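Undergrad: what would the 3D arrangement of this be:
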Amino acid sequence: MIICLAQIASFKGDIQKNIEKHIIYVKEAIENRANLICFPELSITGYEPELAESLSTTVGDNRFDVFQELADSGAITICIGYPLIVENGINISMQIFQPNSSRQTYSKQYLHSDEKPYFVEGKEQIIIEIEGVRIAPAICYESLIPEHFDKANEMGCDVYLASVAKPNNNIERANKYFSQLSKNKNIPILMVNSIGYSDNFLAVGGSAAWDSTGDLINCLNSECEGLLEISI
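TA: Model (predicted):
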């Protein structure tokens, strides 16, 4: 299985321009015969909590139909980040497009304290299954919460996939944590981070993957957009 991590800088609040950028990277992943491509947290809008209310949308937003078309034609699973309108507020969500399947949504279950004025917590963990490989998605802060990983592990995940938007000090912490966690639990961990300014911080990329022994497989730098291709 080939998984591509799309390290990008989102255009602040510009959904259409971000969709266009996503399409470029999805098409590149399809050319590379990837089975899955994942983008950073809130990649469709940029990580902009103060704008979330005006940018939030629904599961059936037809602007995202192009991703289902690409998933179907390219036999690829596509994971994008966006703010989702729910009954009691707005979720930080990942919409998942799988070939010839209905859209799935995963929403962040553990929010950082500074996110709570803008978002509400998601309710359940899901598993993305591709060719018998079970992938558990996580979104940023919650990927550093042991209980989140434990739940995914209980559900039989084979790969833990974190979609994040992190500055330098948080990435350094995450790198150490994911390396040790993958070694202790014998499960590969993948992390895709954004780059550029978001909200009140500079996201520093460094998207990376660790194998089941905790060794770093590969990573991207802190300056450039690009795809990190990982074979699982």
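Undergrad: quick one, what contacts the residue nearest the centre of the chain?
TA: Nearest to the geometric centre of the chain sits Ser163, at 2.8 Å (CA atoms, centre = their mean). By CB atoms under 8 Å, 6 or more residues apart in numbering, the contact list for Ser163 reads 38-41, 43, 79, 81, 94, 137-140, 192. All C-beta atoms are positioned from the backbone trio N, CA, C, and that covers glycine.
Undergrad: change it to 10 Å
TA: For Ser163, the contact set (CB atoms under 10 Å, 6 or more residues apart in numbering) comprises 5-6, 38-43, 79-81, 92, 94, 106, 108, 137-140, 143, 190-194, 207.
Undergrad: so where do the helices sit in this protein?
TA: 15-31, 52-55, 65-74, 146-154, 168-185 (DSSP state H).
Undergrad: tell me which residues of the shortest one come out buried.
TA: Read that as helix 52-55. 52, 55 (16 or more other CB atoms under 10 Å).
Undergrad: can I get the CA coordinates of it in PDB?
TA: Output of helix 52-55 as PDB, limited to C-alpha atoms (Å, rounded to 0.1, in the frame of the first residue of the first chain):
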ATOM      1  CA  ALA A  52     -14.600  28.800  11.200                       C
ATOM      2  CA  GLU A  53     -18.200  29.900  11.500                       C
ATOM      3  CA  SER A  54     -18.200  31.800   8.200                       C
ATOM      4  CA  LEU A  55     -16.300  29.000   6.400                       C
END
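Undergrad: strands along this structure, start to end?
TA: With DSSP state E, the ranges of strands along the chain come out as 2-7, 36-38, 77-86, 89-97, 104-107, 128-130, 133-139, 159-163, 189-192, 195-198, 201-204, 208-210, 216-219, 226-231.
Undergrad: in TSV: those strands, plus mean pLDDT and distance to Ser179.
TA: Output for the strands of the chain, formatted as TSV (pLDDT from 0 to 100; distance: least, CB to CB, whole Å):
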stretch	mean pLDDT	distance to Ser179
strand 2-7	98	16
strand 36-38	98	19
strand 77-86	98	23
strand 89-97	98	23
strand 104-107	98	24
strand 128-130	97	23
strand 133-139	98	16
strand 159-163	98	12
strand 189-192	98	8
strand 195-198	94	21
strand 201-204	94	17
strand 208-210	98	5
strand 216-219	97	7
strand 226-231	97	15
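Undergrad: turn these into a markdown table, including distance to Pro49.
TA: Listed next are the strands of the chain as a markdown table, based on distance: least, CB to CB, whole Å:
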| stretch | distance to Pro49 |
| --- | --- |
| strand 2-7 | 21 |
| strand 36-38 | 21 |
| strand 77-86 | 9 |
| strand 89-97 | 9 |
| strand 104-107 | 15 |
| strand 128-130 | 26 |
| strand 133-139 | 13 |
| strand 159-163 | 16 |
| strand 189-192 | 19 |
| strand 195-198 | 9 |
| strand 201-204 | 11 |
| strand 208-210 | 25 |
| strand 216-219 | 27 |
| strand 226-231 | 26 |
